[in-house]
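A.B. asks: below: sequence and its predicted model.
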Amino acid sequence: MRKLKRVGALGINLVAMAAAVLSTECGQWGVRVAVAAEPIVNTQKPTPIVNTQKPTPIVNTQKPTPIVNTQKPTPAKDTQQSTPNRDTPAPAIDEVLQQASAAYAEAINARDYKALAEQWTLGAQLVEGGSLVQGRERIAASIREWLQQHPQATVKIRLTDSQPLGPTLARVRGIIEFTRKPGEKSLESRFESLRVMDDGQWRLAESHVTPSQVAALEELGWLMGTWLASDEENSTSIEASFEKILGGHAILGRTKIKPKSGPVIDTIDMIHADTDSGTVRSWVFDSTGARAEGFFETDGASFNRSYTGTTADGVADRVAEWVQVLTPMGDGKLMLQSIHRSLDGQSLPDRKPLYFRKLR
């Protein structure tokens, strides 16, 4: 709303090999010799002993008993059932980032501000059209302010590119589409964001939103019309009117400052948005010869217009700087105040607020 590789590790397994040492054992034969004192002589021939029986062969009459395995084979366990397959790829990073963007849009459309805040890191930055909002809570509050001003608004997000920059960092680009009311033409803005893995969630750390010219000026749509205020301090009345011109690509403002005495001061205010950055700029010229150039910033509730310009003809001081704060108050009311004023570097006090009411 406001202006938004995987690194693998190589593992090496070392296998150690062992060598076996074979050993052999050697035996030794011993011989014992017996010596008789006197030889004994046998004069008879020895009668040979004759074995008339044939040797009876030893027969194994038993059949060999086969070895039977009585145990049933144990089926191999499927280790994949109990152990997760580490080779199963995680969801593709593109898909995860698409889901994160879809959740962001859902949080906005459901006005789930807690879920919306959780989309951002604590120190996130949102840059839109030159405006900077920093911090999770401030960003969420800024978007909430905008949604309260546009209670029927809806959002669609379309990613056009995602680029992983590391295991916990990715850059995403896309289009964010706003529809303020059902049936109205939608407005598109380009965005480029950094998402980081933070506490298990892909959160937005930084987002740059570049509205189209028409979309950027739509932020000032509430300003269109004619407004009237009285400056009691200077006894003047101020009437200002604003209208879109050039097919909605610019806003033309005209202001008449009517003092109690003296000539009326006429002012022309040209408001335009940069094509590249979406920054809304303003050029002001008045009938005294003074001119100024400024740019808008917003936090979702107020619009600050920072000006630098030259003074009217005949004024000794030359360079004037100030910030004009425009705060829509609802019900056709507007508060305007000039603050941080200086003239040639010398500080001036802030002016009192002016309260405008819308005439038409």
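C.D. replies: Cool, got the structure.

A.B. asks: from here on, contacts and neighbour counts on C-alpha atoms
C.D. replies: Fine.

A.B. asks: give me the buried positions along stretch 188-196.
C.D. replies: The neighbour-count check on stretch 188-196 (16 or more other C-alpha atoms under 10 Å) flags 188, 189, 190, 191, 192, 193, 194, 195, 196 as buried.

A.B. asks: sorry, slip of the keys, the one I care about is stretch 195-208.
C.D. replies: Of the residues in stretch 195-208, 195, 196, 198, 201, 202, 203, 204, 205, 206, 207, 208 count as buried by neighbour count, 16+ other C-alpha under 10 Å.

A.B. asks: ok, so of the residues you listed, who is nearest residue 357?
C.D. replies: residue 208 (34.4 Å; C-alpha to C-alpha).

A.B. asks: which of the helices or strands spans the closest one?
C.D. replies: Secondary structure assignment for residue 208, by DSSP states H and E: strand 201-211.

A.B. asks: quick one: strands adjacent to that strand?
C.D. replies: Strand pairing for strand 201-211, determined by DSSP bridges: strand 120-128 (parallel), strand 187-198 (antiparallel).

A.B. asks: re the thing from before, save the buried residues of stretch 195-208 as TSV, and put in pLDDT and distance to residue 119 too.
C.D. replies: Below are those laid out as TSV (pLDDT from 0 to 100; distance: C-alpha to C-alpha, whole Å):
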residue	pLDDT	distance to residue 119
195	96	9
196	96	10
198	93	10
201	93	8
202	95	8
203	96	5
204	97	6
205	96	9
206	96	11
207	96	12
208	93	15
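
A.B. asks: ok, which stretches of the stretch 201-350 of the chain are strands?
C.D. replies: 201-211, 225-231, 236-245, 250-259, 265-273, 280-286, 291-298, 303-310, 319-330, 333-343, 346-348 (DSSP state E, counting those that start in this stretch).

A.B. asks: before we move on, back to that, closest one to residue 326 among the strands paired with strand 201-211?
C.D. replies: Here strand 120-128 is closest among those (C-alpha to C-alpha), at 17.7 Å.

A.B. asks: could you dump the closest one to CSV, C-alpha only?
C.D. replies: Extracted in CSV, the C-alpha atoms of strand 120-128 (Å, rounded to 0.1, in the frame of the first residue of the first chain):
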residue,chain,number,x,y,z
TRP,A,120,6.5,-7.2,8.0
THR,A,121,9.7,-7.4,10.0
LEU,A,122,10.0,-5.2,13.1
GLY,A,123,12.3,-2.7,11.4
ALA,A,124,10.7,-2.9,7.9
GLN,A,125,10.7,0.1,5.5
LEU,A,126,7.9,1.1,3.1
VAL,A,127,8.6,3.7,0.4
GLU,A,128,5.8,4.9,-1.8
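
A.B. asks: quick one: buried residues of that strand?
C.D. replies: Neighbour-count burial for strand 120-128 [16+ other C-alpha under 10 Å]: 120, 121, 122, 124, 125, 126, 127, 128.

A.B. asks: repeat for stretch 216-230
C.D. replies: For stretch 216-230, by 16+ other C-alpha under 10 Å, it's 216, 217, 218, 223, 224, 225, 226, 227, 228, 229, 230.

A.B. asks: rewinding a little: can you give the contact residues for the strand holding residue 208?
C.D. replies: Residues from elsewhere that reach strand 201-211 (C-alpha atoms under 8 Å, 6 or more residues apart in numbering): 1-4, 97, 100, 118-121, 123-129, 188-197, 276-278.

A.B. asks: tell me the mean pLDDT for stretch 345-360?
C.D. replies: Average pLDDT, stretch 345-360: 93.

A.B. asks: please disregard the earlier target; I meant stretch 111-119.
C.D. replies: 95.

A.B. asks: am I right that residue 185 is in a helix?
C.D. replies: No - assigned with DSSP: H, G, I helix; E, B strand; the rest coil, residue 185 falls outside any helix and is coil.

A.B. asks: number of residues surrounding it?
C.D. replies: For residue 185, the count of nearby residues is 10 (other C-alpha atoms under 10 Å).

A.B. asks: and residue 152, how many neighbours?
C.D. replies: Neighbour number of residue 152 under other C-alpha under 10 Å is 12.

A.B. asks: meant to ask about residue 317
C.D. replies: Neighbour number of residue 317 under other C-alpha under 10 Å is 12.

A.B. asks: surely it touches residue 345?
C.D. replies: No - Residue 317 lies out of contact with residue 345 (C-alpha atoms under 8 Å); the separation is 9.9 Å.

A.B. asks: the strands paired with strand 201-211: which one's closest to residue 313?
C.D. replies: strand 120-128 (36.5 Å).

A.B. asks: what is whichever helix or strand comes after the closest one packed up against?
C.D. replies: Proceeding N to C from strand 120-128, the next assigned helix or strand is strand 131-134, under DSSP H and E. Counting contacts by 3 or more C-alpha pairs under 8 Å, 6 or more residues apart in numbering; DSSP states H and E, strand 131-134 is packed against strand 120-128, strand 291-298.
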